[in-house]
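*Asks:* Just to be clear, the model below is a prediction. Sequence and coordinates:
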Amino acid sequence: MTVNTKAYGKIDIDERQKIHFPFGIFGFEQFKDFVLLDAAQQPFYWLQSLDVKETAFVLINPLVFRKDYDLDVLAGDLEEIGLTGTEEDNILMFAIVTVPQNQQKMSANLQGPIIINRDNKQGRQSITLDLRWKTKHYIIEELSGSKDTAC
């Protein structure tokens with residue numbers, strides 16, 4: 001299938017790359033179908049809406065810069081996309097990245113993780129129950145080992 005993307009223009013993807021978010025993404029609940037694409041610069045990805053090309057999110061796996069990140073969400077959130085929480089191999093986990101003009105201040109939302117069931121291609125944004133995780137964790141600072149990295 002051909003997809004019109006924010007980052008790459010029109011590209012062909014396999015239909016099996018489509019991910020359905022029954023509840024959308026917070027603030028974008030009207031968009032339900034997305035595709036996960038590799039970004040030009042690793043370790044980032046694009047979560048591209050199939051409905052509107054301008055709706056796309058930069059994602060990162062939180063474990064890239066926070067090895068201690070643990071997915072601690074309501075069991076019901078996992079169940080809604082066919083997960084029980086015990087099948088770690090079937091779970092993809094990401095954080096939405098905000099990229100400001102000063103890219104040194106690029107941040108990731110660890111409080112609202114994106115969870116994807118690899119088997120049934122269903123996704124959900126959830127809220128973590130762990131109070132350590134905030135909506136802004138500065139990726140560059142976290143990678144360099146700075147102490148004061150969350151807002």
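*Replies:* All right, it came through fine. The shown structure was predicted, so the numbers you read here are calculated from the model rather than taken from an experiment.

*Asks:* Three-state assignment for the most centrally placed residue in the chain, please.
*Replies:* With distances taken as C-alpha atoms, centre = their mean, the chain has F94 as the residue nearest its mean C-alpha position (3.5 Å). Three-state assignment for F94 (DSSP: H, G, I helix; E, B strand; the rest coil): strand.

*Asks:* which residues does it contact?
*Replies:* When contacts are counted by C-beta atoms under 8 Å, 6 or more residues apart in numbering, F94 is found next to Y45, L47, L59, I60, N61, P62, P113, I114, I116. (Glycine included, C-beta is placed from N, CA and C.)

*Asks:* need the strands for this protein, in chain order.
*Replies:* Applying DSSP state E to the chain gives strands spanning 2-5, 9-12, 18-20, 33-38, 44-49, 56-60, 91-98, 107-117, 122-125, 137-138.

*Asks:* Could you export those as JSON lines, including distance to T84 and mean pLDDT?
*Replies:* Rendered in JSON lines, the data for those read as follows (distance: least, C-beta to C-beta, whole Å; pLDDT from 0 to 100):
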{"stretch": "strand 2-5", "distance to T84": "31", "mean pLDDT": "94"}
{"stretch": "strand 9-12", "distance to T84": "34", "mean pLDDT": "96"}
{"stretch": "strand 18-20", "distance to T84": "19", "mean pLDDT": "97"}
{"stretch": "strand 33-38", "distance to T84": "22", "mean pLDDT": "96"}
{"stretch": "strand 44-49", "distance to T84": "24", "mean pLDDT": "98"}
{"stretch": "strand 56-60", "distance to T84": "23", "mean pLDDT": "98"}
{"stretch": "strand 91-98", "distance to T84": "10", "mean pLDDT": "97"}
{"stretch": "strand 107-117", "distance to T84": "10", "mean pLDDT": "98"}
{"stretch": "strand 122-125", "distance to T84": "14", "mean pLDDT": "98"}
{"stretch": "strand 137-138", "distance to T84": "28", "mean pLDDT": "96"}
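
*Asks:* nearest to G76, of these?
*Replies:* For G76, the closest of the strands of the chain is strand 122-125, at 10.2 Å, according to C-beta to C-beta.

*Asks:* residues in contact with the closest one?
*Replies:* For strand 122-125, the external contacting residues (C-beta under 8 Å, 6+ apart) are 19-23, 25-26, 34, 77-78, 80-82, 112-117.

*Asks:* Appreciated, that's everything.
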